[in-house]
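# I need the structure of the sequence given here:
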Amino acid sequence: MSTELETLRQEIMRRTQGALSLDIAYVGVVNGLLAALDELGNAPPSRLAEATDMDAGYVLRWCDAAYAFELLEESAPGEFQLAPLGRAFIPDRPDTLMPFAVQAMLSAHMSERAAGLMRSGERPGEKVLAERETVLPWFGPMLEYQFGPLLEKQVVDQVPVFRAVDERGGLAVDLGCGNGWYLRALARRCPHLRGIGLDGFEENISQATRLAEQEQLNDRLNFAVGDLHNFHIEEPVDLIAMNRALHHVWDEKENVFRILREHLRPGGAAVIWEPNWPARRGDLRSPARRGMAFQNLSEHVQGNHFLRPEEIAEQFRAVGLEPEVHFVADGRDAIVTGTLPA
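This next block holds a predicted model:
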């Protein structure tokens, strides 16, 4: 074997080990094993299975695998405790690594679907997200931990419309709200803002409602099953948000932008948050953008593709809204606002 081939082989083995580590972490996240062991301190697999109401045989084998990949340490013969790596994946910890585990499993699922559909060209749509029952409940939390800090640290401060809506106690509507992370973050930063979140998945609305109640925001925020094409708000809306959702309905863009404009009050704005698809293919080689390139393949399975900010701005102009583009996350994401003249 040549030196070059051996080097490549070692690199692939290293990447495979990383992927397997995320797989084991995912099992521990979605079944509450990591969180339970954190509370217990240390425990044999049988005690951990009892605490999480899981099958003891599965938990034993998971503990062996988690130990092998250094998520667990053996505190005594036959007993385990969290290693620093395992503790880093606990979902409710600040800066949790949980999104990486969920994204790894979702990526594997979408890869398999893309491989099977490539010959026929079929694009089954968003329903593929619900095909793995353990993934959907974690989709919202994944997005919240990935993008919630970015919203609070960069987006709210850089986009003036949020302050304007808050000052007048305005109404914000989030289309495709997921688990409500966007409206909950806005409500924490903007104490006078009111919000309505709509989403097509009942699981997401249940999560959003529960989390708003836990944060005592349910007096200002309401969530309901609904979508862009079938919502009716009794009052004109100050802000309509679509977060990483516009590309899902881009093939109906003329109708979508008409609907956005019709629901805005004068001076109100639509706020579109999308990945900033680069104009140059070479930019996809950047480590920060490689994930976007893969995700665009999975978006194709769902019938979508990523957009460039100028495409969104042009559609705003077409319906009489004044566009403004803001870049965040070192240019990887774009916030495009379209304001209805007062």
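
# Please give me every residue in contact with the one residue sitting closest to the centre of the chain.
Central residue check for the chain by CA atoms, centre = their mean: the C-alpha nearest the mean position is that of residue 143, 2.2 Å away. When contacts are counted by CB atoms under 8 Å, 6 or more residues apart in numbering, residue 143 is found next to 178, 179, 181, 244. Where you see a C-beta, it was placed from the backbone N, CA and C, and this is true even at glycine.

# Kindly report the same for residue 250.
In this structure, residue 250 makes contact with 256, 304, 305, 307, judged by CB under 8 Å, 6+ apart.

# tell me the two of these that are most distant?
By the measure CB to CB, these have their two most distant members at 256 and 305, which lie 15.2 Å apart.

# Pick out whichever of those two has more residues nearby.
The neighbour comparison of residue 256 against residue 305 (other CB atoms under 10 Å) goes to residue 256, with 21 against 13.

# what mean pLDDT does the strand or helix carrying that one have?
Here residue 256, judged by DSSP states H and E, is contained in helix 253-263. Per-region confidence: helix 253-263 scores 94 on mean pLDDT.

# repeat for stretch 61-77
Regarding stretch 61-77, the rounded mean pLDDT is 97.

# Break the chain down into its structural domains.
Taking automatic domain parsing as the domain assignment, the record places the domains of the chain at 3-102, 142-279+302-339.

# for this protein, what spans make up the helices?
Assignment of helices within the chain using DSSP state H yields the ranges 3-30, 33-40, 45-52, 56-68, 84-87, 98-117, 136-150, 156-158, 161-167, 181-189, 202-214, 253-263, 287-301, 309-318.

# Could you check the longest one and say which residues are buried?
Buried residues in helix 3-30, defined by neighbour count with 16 or more other CB atoms under 10 Å: 21, 22, 23, 24, 25, 26, 27, 28, 29, 30.

# Name the residues of the helix holding residue 256 that are buried.
Buried, per 16+ other CB under 10 Å, within helix 253-263: 253, 256, 257, 259, 260, 261, 263.

# isn't residue 315 right next to residue 252, touching?
No. Judged on CB atoms under 8 Å, residue 315 makes no contact with residue 252 at a distance of 11.2 Å.

# Pick out whichever of these two has more residues nearby.
For residue 315 versus residue 252, the count of surrounding residues by other CB under 10 Å is larger for residue 315: 23 against 13.

# And the more buried one, how far from residue 336?
9 Å (CB to CB, to the nearest Å).

# for residue 329, same thing?
Here residue 329 is placed at a distance of 14 Å from residue 336 (CB to CB).

# more neighbours, these two?
Each of residue 329 and residue 336 has its neighbours counted (other CB under 10 Å); residue 336 has more, 26 against 14.

# I'd say that one and residue 316 touch.
Yes. Taking CB under 8 Å as the contact criterion, residue 336 and residue 316 are neighbours in contact, 7.1 Å apart.

# For this protein, give me the ranges with low pLDDT.
1 (pLDDT under 70).

# okay but residue 190 is in contact with residue 166, surely?
Yes. Residue 190 lies in contact with residue 166 (CB under 8 Å); the separation is 3.6 Å.

# Next, count neighbours for the closest residue to residue 93 other than its chain neighbours.
The shortest distance from residue 93 to any residue other than its chain neighbours is 7.4 Å, reached at residue 87 (CB to CB, 6 or more residues apart in numbering). By the other CB under 10 Å criterion, the neighbourhood of residue 87 contains 16 residues.

# Enumerate every residue touching residue 196.
For residue 196, the contact set (CB under 8 Å, 6+ apart) comprises 171, 172, 173, 174, 221, 222, 223, 224, 233.
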